[in-house]
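>>> Provided below for reference: sequence and predicted model.
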Number of protein chains: 2
Amino acid sequence: MARTKNTVTIDDVARLAGVAKGTVSRVLNNYGDTSAKTRDRILQAVERLGYQPSSAARKLKRGRVDTLGIVLPAGDGEHADPFLSEFLDGIAQALDLSDRDLLVTTAHSDEHAVAVHDRLIRSRKVDGFIVTRTQGDDPRIELLLQRGFPFVAHGRTRNTGFAWYDVDNERAFLEAVRHVAALGHRRIGFLGGPTRMNFAIQRRAGYRKGLEEAGIAHDPALESTCELSESSGAEAARTLLRLDEPPTALVCVTDTVAIGAMGAIRALGLAIGRDVTVIGYDGLPVGAYIDPPLTTFSQSAHAAGARAARMLIDVIEGVDPLERQELVPADLVKRSSDGPPQKTPQELKESLAK
Amino acid sequence: MARTKNTVTIDDVARLAGVAKGTVSRVLNNYGDTSAKTRDRILQAVERLGYQPSSAARKLKRGRVDTLGIVLPAGDGEHADPFLSEFLDGIAQALDLSDRDLLVTTAHSDEHAVAVHDRLIRSRKVDGFIVTRTQGDDPRIELLLQRGFPFVAHGRTRNTGFAWYDVDNERAFLEAVRHVAALGHRRIGFLGGPTRMNFAIQRRAGYRKGLEEAGIAHDPALESTCELSESSGAEAARTLLRLDEPPTALVCVTDTVAIGAMGAIRALGLAIGRDVTVIGYDGLPVGAYIDPPLTTFSQSAHAAGARAARMLIDVIEGVDPLERQELVPADLVKRSSDGPPQKTPQELKESLAK
DNA sequence: CACTATTTCAAAACCGTTTTTATTGACGAC
DNA sequence: GTCGTCAATAAAAACGGTTTTGAAATAGTG
């Protein structure tokens, strides 16, 4: 049974145009060494047959696939990471402009992630990777550096000898402190994250710098550390508010922690945004729905994805990765969980005593 | 400059094992016609060199890429569709089990989507497509059917001669009405979606059937149509509540519309779940965070993605697409936006008049 | 022991491109 | 005229696999 092939190849084009296939190829890749006449004839044949080169054959010869890869942490089957979906969308849109595509895979553990990257590299299905959710020491980045495979990380790691795109955590927290200081707060607490995380250290540094800039003495009692959960945020908030001179503002390492803190504040009978100001970080959509809507700092995941993709393309095309390191500021999303202090710390303490 | 190639090919393996490359290939593809001795030798060489076949070369000969494609509607750059990210996650996990990958692209319009599918087909970058967010008459599906290219749709269309996975929209809305009727509601409003969407028609049909089953006369004034946005949902809700005999329950085509409606209800000074019951559809995570948490119908996007991927693989491997059509029920996620009516429609009207 | 069937593997052909090399004809210079 | 030179294109050689073909070695049979 002679199954008729329904795909049109370069040979078909060459035959129709009456030239050698090499000539067709050169025309399509703009070598510019063909006469106008044959070029027109070839382009016409291409048009008529609706020819498009086979990516596999092309890649075999050229060694490129025009495809970028990303390995996502597998969701728990419940709710997918909202950040990632926006990030993906940004990547895809950037790629559309350059006629490349995105290969998406998931991994359910660090080891699995490394294995998947390795498989994709060896089977040459992608030209480079975008690595998200980086850790201080990241095994995926180790692998990619060791293999000399192009990639861009979203977020720095301890080692920084590669291309990355990151949000300026330090700057954001400096601005957070500046913002509440401008509202009139002088007792400003910090609910920080675990210091094994790179970003937690950066954010704390920004907090301290902000205090210094505002001329407020750094009080270690106001600087706490908690896990990145609501319950942990709630507990840390309670601790700070029990101080003899409680803070009138809380700057929180993430929105999740801030939401936990808000619950604790409300439970103590205080008004968020009036008695106690709360500032988050992440710009999670849920922050807009809670009561009162959370003032926070936000990085556009969409913009990050688009930019990271563009940077990766540059790296693949030979740009030195060290020339593709970008630090961008996070923007303040002003909602309603902040405001001028209505009470002094002493008054706050008294109202809590009741 | 003789750039040393750092990729290991089948020739390297063959040389190391002292056999012809054809033999290596047959061993790796389990032809079972090689002696145990040479097979071991070859596998050992493969192991030692860390050899993995080039996907491009392999595909060139076999005509398959082991990659599925999906073309997403491009987000607006603001918030990506939470449904899609979960759906993607489901697909990716299913693919992981079968050593295939997923190619993701975006399209910003119907025409663009068709063009992207066409490009991917012709450049043979994927073996098949998963088509989401189907419309009554879907140009993408037209294209794929015409090209005879394998695909699975998430959602039916007018034409149903292909593989699909769909939630039983009609049934869900029938159950929604049954649910609120059981709570004691008799004036039940419907905030429907644009009727160009197939699912909107199905959901409306379920609503009407539910009324019939409950023995409630269908009042066209209670059945409205809105776009799938919060603002549109809010407006539709206001319109219905201004009726002389306002509804005490609103069944909404999507969670987004329901959330908009809730905002409008609150703004009118009414208590959600007491004065007016609101039922959504989609099971969006955000629904759990709003106040009060939204009662809704949920389809697991994750499960849908995983199942659709599996179905597509079957179709690619030759199963008749007509044998891969599945209708699954949506489940009621009971939260707090519903309850027995506290007021009659007349009382509701009066309290609004104030 | 001659003869055939079976197993095992080497060699060659092929997939659809890109890239390199060769060939052809036209043209100008000597 | 003959000889390069140059432009344009044809022809051939990769690229890295899979699949087909066929030959040699081995086993089985009368």
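Okay, I see it. Numbering: from 1, shown residues only, chains lettered A, B, ... in the order given.
>>> For A:Ala308, report the pLDDT, please.
Model confidence at A:Ala308, expressed as pLDDT, equals 97.
>>> That one belongs to a helix?
Yes - applying DSSP: H, G, I helix; E, B strand; the rest coil, one finds A:Ala308 inside a helix.
>>> Contacts only, for it.
Remark: with contacts taken as CB atoms under 8 Å, 6 or more residues apart in numbering or on different chains, A:Ala308 is in contact with A:Gly90, A:Ile91, A:Ile130, A:Val152, A:His154, A:Tyr165. (Each C-beta comes from the backbone N, C-alpha and C, glycine too.)
>>> If we use 7 Å, what do you get?
Counting by CB atoms under 7 Å, 6 or more residues apart in numbering or on different chains, A:Ala308 makes contact with A:Ile91, A:Ile130, A:Val152, A:His154, A:Tyr165.
>>> With A:Gly136 instead?
A:Thr157, A:Arg158, A:Arg196, A:Met197, A:Asn198.
>>> circling back: a markdown table please, covering the contacts of A:Ala308 and showing neighbour count.
As requested, the contacts of A:Ala308 are arranged in a markdown table below (neighbours: other CB atoms under 10 Å in any protein chain shown):
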| residue | neighbour count |
| --- | --- |
| A:Ile91 | 29 |
| A:Ile130 | 24 |
| A:Val152 | 28 |
| A:His154 | 24 |
| A:Tyr165 | 25 |
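>>> which two from those end up farthest apart in space?
Between all members of the contacts of A:Ala308, the longest pairwise span (CB to CB) is found for A:Ile91 and A:Tyr165 and amounts to 11.4 Å.
>>> thinking again about what came up before, buried subset of the contacts of A:Gly136 as a PyMOL selection?
PyMOL command restricting those to the buried ones, with burial defined by 16 or more other CB atoms under 10 Å in any protein chain shown:
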select buried, chain A and resi 157+198
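>>> Flag the least confident of the contacts of A:Gly136.
A:Arg196 (75).
>>> helix/strand/coil for that residue?
In terms of secondary structure, A:Arg196 is coil; the call rests on three-state DSSP.
>>> wait, what's in contact with it?
By CB under 7 Å, 6+ apart, the residues touching A:Arg196 are A:Gly136.
>>> From A:Ala181, how far off is it?
Between A:Arg196 and A:Ala181 the distance is 29 Å, computed by CB to CB, to the nearest Å.
>>> swap in A:Met262?
A:Met262 sits at a distance of 21 Å from A:Ala181 (criterion: CB to CB).
>>> go on, A:Arg238?
In this structure, A:Arg238 lies at 24 Å from A:Ala181, with CB to CB as the measure.
>>> who's more crowded, the two?
A:Ala181 (18 against 14; other CB atoms under 10 Å in any protein chain shown).
>>> CA atoms only for stretch A:335-352, dumped as CSV, please.
Coordinates of each C-alpha in stretch A:335-352 appear next as CSV, following Å, rounded to 0.1, in the frame of the first residue of the first chain:
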residue,chain,number,x,y,z
ARG,A,335,-4.6,49.6,48.4
SER,A,336,-6.1,50.1,51.8
SER,A,337,-4.1,48.3,54.4
ASP,A,338,-1.9,51.4,55.1
GLY,A,339,-2.4,54.8,56.5
PRO,A,340,-1.1,57.4,58.9
PRO,A,341,-0.9,56.1,62.5
GLN,A,342,-4.0,57.0,64.4
LYS,A,343,-2.4,56.1,67.7
THR,A,344,1.0,56.4,69.2
PRO,A,345,2.7,53.2,70.3
GLN,A,346,1.7,54.0,73.9
GLU,A,347,-1.9,54.5,73.0
LEU,A,348,-1.8,51.3,71.0
LYS,A,349,-0.4,49.4,74.0
GLU,A,350,-3.2,50.8,76.1
SER,A,351,-6.0,49.9,73.8
LEU,A,352,-4.5,46.4,73.7
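>>> Pull out the buried residues from it.
Buried residues in stretch A:335-352, counted by 16+ other CB under 10 Å: A:Arg335, A:Ser337, A:Asp338, A:Gly339, A:Pro341, A:Gln342, A:Lys343, A:Pro345, A:Leu348, A:Lys349.
>>> so which residue of chain A comes closest to chain B?
With CB to the nearest CB as the measure, A:Ser85 is the residue of chain A nearest to chain B, at 3.1 Å.
>>> does that residue really touch B:Ser85, like I thought?
Yes - here A:Ser85 reaches B:Ser85: they are 3.1 Å apart, a contact under CB atoms under 7 Å.
>>> Check which helices and strands the helix or strand of chain A with the lowest mean pLDDT sits against.
Confidence across the helices and strands of chain A bottoms out at helix A:82-97, with a mean of 86, counting by mean pLDDT, DSSP states H and E. Under the contact definition 3 or more CB pairs under 7 Å, 6 or more residues apart in numbering or on different chains; DSSP states H and E, helix A:82-97 sits against strand A:67-73, strand A:101-107, helix A:301-316, helix B:82-97, strand B:101-107.
>>> what separates A:Thr225 from A:Asn159, distance-wise?
Counting by CB to CB, the gap between A:Thr225 and A:Asn159 amounts to 25 Å.
>>> Between these two, which is the more surrounded one?
Ranked by neighbour count (other CB under 10 Å), A:Thr225 and A:Asn159 place A:Thr225 first, with 15 against 12.
>>> And that one, how close does it get to A:Ala236?
When distance is defined by CB to CB, A:Thr225 is 8 Å away from A:Ala236.
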